[in-house]
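1. Structure of the sequence below:
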Amino acid sequence: MTAVDTGMAQALNAALRDALGADERVVVLGEDVGRLGGVFRVTDGLREAFGDRRCFDTPVSEAGIAGLSVGMAMAGWRPVVEMQFDAFAYPAFEQIASHVAKMRNRTRGALTLPMVVRIPYGGGIGGVEHHSDSSEAYYAHTAGLKVVTPATAADAYSLLREAIDDPDPVIFLEPKRRYWTKEPLELPLRTEPFGTAAVRRAGTDATLVAYGPSVAVALEAAQLAAAEGLDVEVLDLRTLVPLDDRALDASVRRTGRCLVVHEAQGFAGVGAEIAARVQERCFDALRAPVLRVTGFDIPYPPPLLEDAHLPGLRRVLDGLHRLLPALGRGVRGSVPLSGATAPGKTFLLPDLGEGLAEAEVLEWMVAVGDPVEHDQVVAEVETAKSVVTLPSPFAGTVTALHCPAGEVVRVGAPLLTVEEAADSGAVLTGYGTSSRPGRHHSPRPATTASLPEDAAAPAAQVPPQGSATRVPLGPAAEKFSRGHRDTPAVTIWADTDAGRLLAARTTHGTGLLPLMARACLDALAAFPALNSRVDTGRQEIVRLPEVHLGFAAQTDHGLVVPVVRDAGRLPLDGLAAELRRLTGLARRGSLPAEHLTGGTFTLNNYGGFDVDGATPILNHPQAAMIGLGRITDRPWVTDGRVEVRKVVNVSLTFDHRVCDGGTAAGFLRRVIDGLNSPDPLGGCS
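-> Reported below is the predicted structural model:
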């Protein structure tokens, strides 16, 4: 066999499939695990392969699911339960703590309880409340449970197979933001068993202890720390119960320092137990106090704030600098390039949302030596979901590019280094084409002469009467120029009677924008060529599997284009709610990064500007944009009679490389027919 790039979700699916095939007593159950294949598609295809008696859906009752599984395990089955999200499992906790954990002890060993409770856990995917908790401490504190949390796809497969084979109950915590991270694997495989930690990176200066989703962060931090002369060891615990005390003690005794990293709150967390054990067992070897970097002691915050809550690279590096104060005096965040250290501040690949862990650098927009402004687009990268442009958080001169175009880099890896200008200091707040509130560029003076250092500054920067005022181009200018220069765009349009559209607005109690959006989504399902982009490097058209719908929103600080992620999956009421929510965030200037980029198709409402229509420049790299003009009274011919009707102009601009005029016209006609049907929703409400 040859190794195949395999994601953690795929590895878990393979483990379940192999376990079901190997033992007829294994069953998979939970909410939506059968027909849907699970929220994260971990159980995809199992129902079809093994039938609905081996993989089946349950009612929405976590306590009932756990209770049913206890009975099945007592009767000789080996149930594998899925709880959709971490906090969804709390209603089942009474069953888990009172019965699952105690059955063997209660029966003095007469009954084992071979069951697995799979729980996707942790943050980093932009989930709302009850979708991002790190609940491992509850289970680790409950005697009678084994608690497992893999950090790699290989461990995900091996540890899940071991959990299913184990005679005792296992809480299997799956770091959901690692589901899509791939590594080359040859399945089936078996890694080290329960109770065995793994040294993911050897080092001599300090031990970084992590597990689950924090292992990748610890490895990135260790790599960056190496640029400052710090040799950091990373220990992946793999299982919290049983805990590998021997590996933990050995690592800390080698390095003399210990920093524990986990996403859960710090108070009474797993990190506190690890710190206590290290202090008790390795006190004579410690050269510094044991430190922790954890989530804050608060309920999990909204998606916009989760990056500040989670222990990211900067907080881990700060912890290492506290642990090793005499070392690492180099430039913080600066990373060597080809053996040299570049001066300035380093821009790291940010978290682009949805749990994506890496991106390919498609094109650099700057070179070493180029000046850059705040929010100037410096690179275009491609994730598994979309193409994203990255604006610079710093102003100054580029001193290093840390990877070539075409290279795949991980979140947190260095992209470029900028030697900042004297007035620099802006903070990166998002990725988009619009200016942000409170972020204004000062006009540059027309003269290039410089003042002596001791010269007094002019009292006021008021241009002479009649002189020109210079305003720097905004960060979107280059993107628009490129789109206009490189894309063979064509615009077609048609007028249509808006009467039924207006009637539907009243019937469904919603605005026109959601109705228009729904019509576009239905048309994109019929004409997927319009939901594409062009890969010029490979001379290929890339058909995109999901529609991330951009829409124009006018705000006090300019036009913003929020993006509705996976818009095609939303019903009308959900779509309308998301459009309202994102519009409100845009007008407050607080759109999160994942809703500022990654759009695959854009809907523009020109009617808001009181114009009939327009021929827009495409939002690169999208292949199409549709626009809705104002609705006005116009003469309209019906059955040979001229009547006054409410009429609207619908225009479509498309990249002629992705389709011909017939396909584009068919798409536009499909949208208009949807708006003119007796029910413009076409049954999709």
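2. what's the neighbour count on Val658?
-> Val658 sits with 21 neighbouring residues when counted by other Cβ atoms under 10 Å. For every residue, glycine as well, the C-beta is placed using N, CA and C.
3. can you pull the contacts of Ala163?
-> Going by Cβ atoms under 8 Å, 6 or more residues apart in numbering, Ala163 touches Val116, Lys146, Val148, Val170, Phe172.
4. So which of those wins on neighbours?
-> Counting neighbours by other Cβ under 10 Å, Val148 leads the contacts of Ala163 with 31 neighbours.
5. for it, phi and psi?
-> phi -130, psi 140 (degrees, to the nearest 10).
6. now it, which residues is it bridged with?
-> With DSSP bridges applied, Val148 shows beta-bridge pairing to Phe172, Thr239.
7. Touching, it and Leu243? I think so.
-> No - Val148 lies out of contact with Leu243 (Cβ atoms under 8 Å); the separation is 11.3 Å.
8. Just list the residues touching Val215, thanks.
-> Taking Cβ under 8 Å, 6+ apart, one finds Ala151, Thr152, Arg200, Val234, Asp236 in contact with Val215.
9. so it is in which element?
-> helix 214-226 (DSSP states H and E).
10. Would you mind putting the contacts of Ala163 into TSV with distance to Val372 and pLDDT alongside?
-> Formatted as TSV, the contacts of Ala163 follow (distance: Cβ to Cβ, whole Å; pLDDT from 0 to 100):
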residue	distance to Val372	pLDDT
Val116	51	98
Lys146	52	98
Val148	46	98
Val170	51	98
Phe172	46	98
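11. Let me have those residues in TSV, adding distance to Gln279 as columns.
-> Below are the contacts of Ala163 laid out as TSV (distance: Cβ to Cβ, whole Å):
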residue	distance to Gln279
Val116	33
Lys146	25
Val148	25
Val170	29
Phe172	29
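12. Relative to Leu585, which of those is nearest.
-> Closest approach between these and Leu585, by Cβ to Cβ: Phe172, at 35.6 Å.
13. Enumerate every residue touching that closest one.
-> Val116, Val117, Arg118, Ile119, Val148, Thr149, Leu159, Leu160, Ala163.
14. Roughly how far does it sit from Thr600?
-> 35 Å (Cβ to Cβ, to the nearest Å).
15. among the contacts of Val215, which two are most distant?
-> In these, the most distant members under the criterion Cβ to Cβ are Thr152 and Val234, with 12.3 Å between them.
16. the strands in the stretch 501-650 of the chain, which residues?
-> With DSSP state E, counting those that start in this stretch as the criterion, the stretch 501-650 of the chain has strands at 532-535, 540-543, 549-551, 553-555, 558-560, 563-564, 601-605, 624-628, 632-638, 641-655.
17. How about residues contacting the third one?
-> Think strand 549-551. Contacts of strand 549-551 (Cβ under 8 Å, 6+ apart): 513, 517, 520-521, 561-564, 567, 579, 582, 599-605, 619, 622.
18. so what strands line up beside it?
-> Strand pairing (DSSP bridges) places strand 549-551 next to strand 563-564 (antiparallel), strand 601-605 (parallel).
19. possible to save these as a markdown table with mean neighbour count?
-> As requested, those are exported to a markdown table (neighbours: other Cβ atoms under 10 Å):
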| stretch | mean neighbour count |
| --- | --- |
| strand 563-564 | 22 |
| strand 601-605 | 23 |
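20. Including mean pLDDT and distance to Glu419, could those strands go into TSV?
-> Supplementary listing: the strands paired with strand 549-551 in TSV, determined by pLDDT from 0 to 100; distance: least, Cβ to Cβ, whole Å:
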stretch	mean pLDDT	distance to Glu419
strand 563-564	92	33
strand 601-605	91	36
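21. Just put the ones you listed in TSV and tack on distance to Gly412.
-> Shown next, in TSV, are the strands paired with strand 549-551 (distance: least, Cβ to Cβ, whole Å):
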stretch	distance to Gly412
strand 563-564	23
strand 601-605	30
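22. Ok, which of the ones you listed comes nearest Arg322?
-> Short answer: strand 563-564, nearest of the strands paired with strand 549-551 by Cβ to Cβ, at 38.7 Å.
23. Show me the contact partners of the closest one.
-> Under Cβ under 8 Å, 6+ apart, the answer for strand 563-564 is 517, 548-551, 570, 575, 578-579, 582, 594-599.
24. returning to that earlier point: which of the strands of the stretch 501-650 of the chain has the lowest average pLDDT?
-> Lowest mean pLDDT within the strands of the stretch 501-650 of the chain: strand 558-560, a mean of 77.
25. And the contacts of Val215, which is closest to Ser590?
-> Ala151 (32.4 Å).
26. That closest one reaches Arg177, doesn't it?
-> No - using Cβ under 8 Å, Ala151 makes no contact with Arg177, being 11.2 Å away.
27. can you count the residues close to the closest residue to Leu549 other than its chain neighbours?
-> Among residues not flanking Leu549 along the chain, Ala567 sits closest, at 3.8 Å (Cβ to Cβ, 6 or more residues apart in numbering). By other Cβ under 10 Å, 26 other residues sit near Ala567.
28. what's near enough to touch Ala567?
-> Ala517, Leu521, Val547, His548, Leu549, Leu575, Glu578.
29. For the protein, give me the ranges with low pLDDT.
-> Counting by pLDDT under 70, the chain shows low-confidence ranges at 1, 325-343, 351-356, 384-386, 421-485, 537, 557, 593, 678-685.
30. where exactly do the helices run in the stretch 451-600 of the chain?
-> Taking DSSP state H, counting those that start in this stretch as the criterion, the stretch 451-600 of the chain contains helices spanning 477-486, 499-508, 512-526, 572-587.
31. Just name the most buried of the ones you listed.
-> Of all the helices of the stretch 451-600 of the chain, helix 512-526 carries the top mean neighbour count, a mean of 22, counting by mean count of other Cβ atoms under 10 Å.
32. centre of the chain versus that one, how much separation?
-> Between the centre of helix 512-526 and the centre of its host chain there is 25 Å, according to Cα atoms, centre = their mean, to the nearest Å.
33. Now do it and helix 572-587, the angle between them.
-> Angle, helix 512-526 to helix 572-587, by axes from the mean of the first three to the mean of the last three Cα atoms, to 10 degrees: 120 degrees.
34. Same list (the contacts of Phe172) but as CSV, adding distance to Tyr300.
-> Listed next are the contacts of Phe172 as CSV, based on distance: Cβ to Cβ, whole Å:
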residue, distance to Tyr300
Val116, 25
Val117, 20
Arg118, 20
Ile119, 15
Val148, 22
Thr149, 17
Leu159, 25
Leu160, 26
Ala163, 26
